[in-house]
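> Using only what follows, build the 3D model:
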Amino acid sequence: MVRQQFEEDVKRGIIEPVPVGEPTEWCPHMMVVPKKDGQSRRTVDFHHHTRPPFDMISSVPKHTFKTVNMGVEKGGVLNDDGYWIKGDGGHKHGFTLLEDLKKVNAITVPAILEYAANSHGEAPCMGTRKLKARLRILENGKKLEKLHFLDYVYLSYKEVQEMVVKFSDGIRNLGMSSGDRIAMFAETRAEWYVAAVGCLRSSLSVVTLYTNLPNESIVQSLKETEVNTLITSYDLLPRVIKLIQECALITRVIVIEDQLDGIGSVQDVPEQVTILPFQEVLKLEASMPLVSPKADDIAIIMYTSGSTSHPKGVELTHANIFSSITAYCVQADLRLGDRYLAYLPLAHVMELATETALMAMNVTIAYSSPFTLTNSSAKIFKGTSGDARVARPTCMSAVPLILERIIKGVYRVIEDQGHLKAKIFSEALKYKQRKVGPSLAVKVLDALVFKRVKEELGGELRMLVVGGAPVSPEIQNKIRALFGCTVQVGYGATETAACISSMDTDDIRTGHCGPPNYGVLLSLRDWEEGGYLTTDKPNSRGEIVVGGPMVSRGYFRNSEKTEEVFFEKDGVRWFKTGDIGEVDETGILHVIDRKVDLLKLNNGEYVSLGNIESKLKTHSLIESICVCAYSGAKHVVAIIVPFSDSLIKIGVKLGHMEDATMQDLCSDMKVKKAVLDELLAHGKKQGLGRWDLPAAIFLTPEPWTPESGLVTAALKIKRAPIKARFQLEIDNMYGQFDDPAQ
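Predicted coordinates for the structure are as follows:
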C-alpha cells in the first residue's frame with residue numbers, strides 16, 4: 001500500500017527522488033522530497049544494505065522504506081554503522097512561521113519573543129490569577145496554607161516585551177554583562193519567564209534549578225557555576241537564605257514579590273548579600289550597551305534531576321533551543337484563540353521552549369501550579385475554582401505521574417458515589433475507549449457521564465502533550481476517553497533540548513512516541529549485551545542515538561561525562577541516550593527499555609525493571625514503586641508506597657479499623673499479602689511474564705519526594721538511593737527464600 005502510493009505520487013509529480021550522498025550500512029540512499037507547489041507533503045526515507053538504482057524505485061523491497069510524515073526539507077547523510085532515520089515532517093502553517101522567524105533572524109529566545117510582540121501586539125500573552133487572601137486552616141490535625149484566588153489578569157504581548165526590555169536594562173545596571181551567569185530558582189510564573197528572557201537578551205547564561213531539588217544539589221550547582229546573583233520568589237526566600245550561607249560567591253538575591261506581602265520581612269541575610277525586589281530591577285536604567293546573544297552562545301545551563309547520579313549541568317545554546325522550538329512550531333496543531341495552562345517547571349528546557357513556541361504562534365498562556373491546578377488541588381481554598389476551570393485551556397502539557405494521579409483521583413470520587421454510579425461510569429469509559437471518532441452515543445455519554453470530569457480541566461481541552469517519562473497505553477486511552485482530547489506522547493532528553501520525537505495529532509495508536517521531530521537524526525546502535533540488534537526482525541532495535549542541531553555541547557565543567565555520551569561524526573553532534581528503541585515499518589519510534597534498567601536473572605532471563613514498574617504502577621493501589629533485584633537472583637522484589645485511601649479499604653476488609661495508621665497497615669502481613677496478590681493478578685493482565693512478577697514486596701508509608709532524595713525533580717525514581725535506603729528490607733525479602741540468591 002505504501003509503495004503503491006509512493007509510485008503513484010512519483011508519476012503524478014508530487015514527489016521526486018533526490019540522492020543525498022554515498023550509501024553505507026547506516027545511511028539512507030535517497031530522500032523523497034515534495035516539489036515546491038504548496039500541495040500536501042509527504043516524505044519517505046529509504047533504508048537498505050545495498051543501494052538501489054535510482055531508476056529502479058519499484059524494485060525496492062517494501063520493508064526498505066518508511067513513511068515518516070509530511071515533509072519539506074531533504075535530510076543529510078551520516079556515515080556510520082547501524083540504523084538511521086530523519087524527521088522532517090510538520091504542518092504547512094508551521095513551516096510558514098519558521099520561514100517568517102528566519103527572515104527576521106529570530107533564532108534566539110529573546111528575538112522570538114520580540115517577533116511575537118511585533119506580530120501580536122495587544123493580544124493577551126500571559127495570565128496570572130489575582131490573589132485575594134492567603135489562609136491557614138487546620139485539616140486532619142495539620143496547619144495547611146490555602147489560597148483564595150480571583151480571576152486571571154493578562155498582560156499583552158507588547159507589555160511582556162516591555163517588561164523583558166526593562167529587566168534586561170536593569171540587570172546590566174547591576175553590572176552584569178555578556179557571558180556572565182545568573183541562577184534562576186523560582187516556581188513557574190510569568191516573572192520567571194520575563195526575568196530569564198531579560199537575562200538572555202543581555203547575553204547572560206541562565207542556570208536553571210528545579211525548586212524541588214534537594215538542598216545539597218542546589219548548593220553544588222551554585223558553587224559549580226560560580227554565580228553571584230540568584231533570582232528567587234517570596235515563597236522560596238527563607239530557603240534561599242539558608243542555602244546561600246554555604247555559597248560565599250553570592251552577593252545579590254533578586255526576589256519576585258508576593259501579591260500581598262511584597263518581599264516580606266527578611267532575616268538572617270549574610271552580610272555580603274543584597275536583597276533586591278524584582279519590581280525595583282524593572283526601574284533601573286541600563287548603564288552599559290546591549291550585546292545581543294548569538295545562536296551559538298550558551299543560553300541556559302540546566303541542571304538535570306539526576307536519576308542515576310548527581311545533577312549535571314547541561315549546556316544548551318540558543319541554537320539548541322531554537323531547534324526544539326521549530327520542531328514544536330511545525331508539528332503542533334494549534335488554532336487561533338488557543339489557551340495553554342502552564343504549570344510544569346520552567347526550569348526544564350521543554351517548558352521554556354514550549355512557551356516560547358506558543359508565543360510565536362499567538363497562544364495565550366495562563367500560569368498555574370500543581371498545587372492549584374484543579375478544585376481538589378492541595379492549596380485551593382474550598383469554594384474557590386482551580387486554575388484549569390478558570391483558564392479553560394485548550395492545550396496542556398503533562399508528565400505521566402500527573403495523569404496517573406488525575407485518573408486515580410477521578411476513580412476515588414466515582415467510587416464514593418456508590419456501586420451503581422461507579423458501574424455506569426466504568427462501562428461508559430470502556431465504551432469510549434473502544435469507540436474511535438465522534439458519534440451520537442459519545443456525545444450523550446459526554447453530556448451525561450463525563451461532563452463533570454471534563455470540567456475539572458476546564459471543559460475545553462483539545463490537546464494534551466505528554467512527556468518526561470514513558471506513559472502506558474492504558475493511561476493514554478483513559479485520559480483520551482475521560483477528557484475527550486488528543487493525547488500526544490513525546491520523547492526527549494535534556495541533552496537534546498527535550499526534542500527527539502512526538503506523535504502526530506491524528507495518530508490514535510498507543511505505546512509509541514511518534515516519528516522523529518523535525519530536524520532530528522535518529523539512529524539505533526546494536527547493544528549485544530542486552531540482545532537488541534539493528535538486524536532484529538521484524539523491526540530494527542538498539543540504543544537510541546540522536547544527532548542534529550538540538551544536541552547539547554555537553555555538561556558544564558564535566559569533560560569526562562561529556563566524552564562518555566557525546567560525540568561528533570561528519571560534522572554532526574550526537575548523543576547516546578541510554579534508552580533502547582525500536583522503529584516500526586511506518587517510521588514510528590517505540591522506546592522499549594533502558595540500559596541501566598535491564599538485569600539478568602540466574603536463569604539467564606533478562607528483566608526490565610522500568611517496564612515492570614510502568615505496568616504495575618497502573619494499579620490504583622500504587623503511588624510509587626521501585627522494583628529491585630540482586631544480580632544473578634532468581635526473582636525480583638519491590639518497594640512500594642501505596643495510596644492511603646486504597647490501602648485503608650483493604651485494611652477494613654481484613655478487619656482493621658478505618659482510623660488505622662498507614663504504618664500499622666504497611667506492617668500487617670495479611671495486608672501485604674493482599675496487596676501482593678492484587679499486584680500479581682494485575683501484572684499478568686498487563687502482560688508481564690513469570691520472571692517479571694515480584695516474589696515479595698515491602699510497603700512503606702512515607703511518600704517519595706525530591707526533598708527525600710528518592711525521586712528526581714521530575715518525579716522519576718532514583719533507583720540507587722532507594723536501594724541504599726531500603727537495603728535491609730531488600731535483604732529481608734530475599735531472606736524469605738531458601739537460597740539467598742533467590
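
> For the closest residue to residue 351 other than its chain neighbours, what is the enclosing helix or strand?
Spatial nearest neighbour of residue 351, excluding adjacent residues (CB to CB, 6 or more residues apart in numbering): residue 344 at 4.7 Å. Just so you know, the C-beta spots here come from the backbone N, C-alpha and C atoms, and that holds for glycine as well. Under the criterion DSSP states H and E, no helix or strand holds residue 344.

> Residue 344 and residue 705, how far apart?
In this view, residue 344 and residue 705 are 17 Å apart by CB to CB, to the nearest Å.

> repeat for residue 318
Distance from residue 318 to residue 705, by CB to CB: 34 Å.

> between these two, which one's more packed in?
The neighbour count for residue 318 versus residue 705, taken as other CB atoms under 10 Å, is higher for residue 318 (24 against 13).

> what residues are up against that one?
107, 108, 109, 200, 293, 294, 295, 296, 297, 299 (CB atoms under 8 Å, 6 or more residues apart in numbering).

> Run a quick neighbour tally on the nearest residue to it once chain neighbours are set aside.
Counting by CB to CB, 6+ apart, the nearest residue to residue 318 once its immediate chain neighbours are dropped is residue 108, at 4.1 Å. Neighbour count of residue 108, defined by other CB under 10 Å: 25.

> Check the contact between residue 108 and residue 299; I expect there is one.
Yes. Counting by CB atoms under 8 Å, residue 108 touches residue 299, with 7.4 Å between them.

> Identify the contacts common to these two.
Joint contacts of residue 108 and residue 299 (CB under 8 Å, 6+ apart) are 200, 293, 318.

> Next secondary structure after the helix or strand hosting residue 567?
Using DSSP H and E, residue 567 maps to strand 566-569. Heading C-terminal from strand 566-569, the first helix or strand you meet, by DSSP H and E, is strand 572-583.

> Need the mean per-residue confidence for that following strand.
Taken as a whole, strand 572-583 has an average pLDDT of 93.

> Report the distance from whichever helix or strand comes after it to the chain centre.
Next in sequence after strand 572-583, counting helices and strands by DSSP H and E, comes strand 589-594. Here the centre of strand 589-594 is set off from its chain's centre by 16 Å, with CA atoms, centre = their mean, to the nearest Å.

> I'd like to know which elements strand 589-594 is packed against.
The contact analysis (3 or more CB pairs under 8 Å, 6 or more residues apart in numbering; DSSP states H and E) places strand 589-594 against strand 540-547, strand 572-583, helix 609-616.

> Would you mind measuring from the spatially most central residue of the chain to residue 685?
Nearest to the geometric centre of the chain sits residue 468, at 2.9 Å (CA atoms, centre = their mean). To residue 685, residue 468 is 26 Å away according to CB to CB.

> List the contacts of the closest residue to residue 480 other than its chain neighbours.
Once flanking residues are discounted, residue 480 sits nearest to residue 487: 4.9 Å by CB to CB, 6+ apart. Applying CB under 8 Å, 6+ apart, we find residue 487 in contact with 464, 466, 471, 476, 479, 480.

> want to try a markdown table for these, with secondary structure and pLDDT as columns?
Shown next, in a markdown table, are the contacts of residue 487 (DSSP: H, G, I helix; E, B strand; the rest coil; pLDDT from 0 to 100):
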| residue | secondary structure | pLDDT |
| --- | --- | --- |
| 464 | strand | 94 |
| 466 | strand | 92 |
| 471 | coil | 81 |
| 476 | helix | 89 |
| 479 | helix | 91 |
| 480 | helix | 90 |
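
> Roughly how far does the residue lying closest to residue 146 once chain neighbours are set aside sit from residue 135?
Nearest residue to residue 146, sequence neighbours excluded (CB to CB, 6+ apart): residue 381, at 4.1 Å. Going from residue 381 to residue 135 by CB to CB gives 6 Å.

> Give me the contacts around stretch 397-406.
Identification of contacts with stretch 397-406 by CB under 8 Å, 6+ apart yields 340, 344, 350-351, 354, 370, 374, 456, 464-472, 475, 479, 617-618, 714-715.

> Keep only those of these that are in helices.
Counted as lying in helices by DSSP state H, out of the contacts of stretch 397-406, are 350, 351, 354, 475, 479.

> Can you tell me, leaving aside adjacent residues, what's nearest to residue 475?
Counting by CB to CB, 6+ apart, residue 403 is the residue found nearest to residue 475 once chain neighbours are left out, at 5.4 Å.

> on that earlier part again, element containing the residue nearest to residue 480?
Residue-wise, residue 487 maps onto strand 486-491 under DSSP H and E.

> From the chain's centroid, how far away is that strand?
With CA atoms, centre = their mean, you get 10 Å for strand 486-491.
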